[in-house]
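Q: coordinates only, no sequence provided:
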């Protein structure tokens, strides 16, 4: 049997890509809209953003956001076999997670649905 030419291979590949995209769109996947791209999202903050906290110390977080409303102890407690201990500081609109005293993530709090 004769091998397809590079032109035929490209044509088949493009047709398959177009069909895959068509199926994805018909099943509810949709491209990002301008609104979703422009809306600030503190759960995906980048370096330089106000809510970017990765690597900051607890002292730096206090300077940046003030004192938290609540400080939760490290889970698991130090000395247990499960490491690393994760500490949470709860602010009115978000929670900062620490690992060994360094911020690893800031998560926006969402109202609970009843």
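A: Received, thanks. What you see is a predicted model, and the numbers here were worked out from it, not measured in a lab.
Q: check which helix or strand covers the closest residue to residue 103 other than its chain neighbours.
A: Closest residue to residue 103 apart from its sequence neighbours, by C-beta to C-beta, 6 or more residues apart in numbering: residue 53 at 4.1 Å. To be clear about C-beta, it is placed using only N, CA and C from the backbone, and glycine gets the same treatment. Using DSSP states H and E, residue 53 is not contained in any helix or strand.
Q: how near is residue 53 to residue 76?
A: Look at residue 53 and residue 76: by C-beta to C-beta, to the nearest Å, they are 22 Å apart.
Q: of these two, who's got more company?
A: Using other C-beta atoms under 10 Å, the more surrounded residue of residue 53 and residue 76 is residue 53, with 22 against 13.
Q: residues contacting that one?
A: By C-beta atoms under 8 Å, 6 or more residues apart in numbering, the contact list for residue 53 reads 45, 61, 64, 96, 103, 105-106.
Q: same thing but at 7 Å, please
A: 61, 96, 103, 106 (C-beta atoms under 7 Å, 6 or more residues apart in numbering).
Q: closest one of those residues to residue 113?
A: For the contacts of residue 53, the residue nearest residue 113 by C-beta to C-beta is residue 106; the value is 22.1 Å.
Q: helices along this structure, start to end?
A: Taking DSSP state H to define them, one finds helices in the chain at 6-26, 34-38, 58-65.
Q: where among these is average confidence lowest?
A: When those are compared by mean pLDDT, helix 34-38 comes last with a mean of 43.
Q: mind picking out the helix or strand in the protein with the poorest mean pLDDT?
A: Lowest mean confidence among the helices and strands of the chain (mean pLDDT, DSSP states H and E): helix 34-38, at a mean of 43.
Q: kindly provide the distance from residue 49 to residue 64.
A: Distance check for residue 49 against residue 64: by C-beta to C-beta, it reads 12 Å.
Q: same check, this time on residue 85
A: 22 Å.
Q: higher neighbour count, these two?
A: residue 85 (17 against 14).
Q: quick one, what contacts the closest residue to the more buried one other than its chain neighbours?
A: Excluding the flanking residues, the one nearest residue 85 by C-beta to C-beta, 6+ apart is residue 74, at 3.5 Å. Applying C-beta under 7 Å, 6+ apart to residue 74 gives the contacts 85-87.
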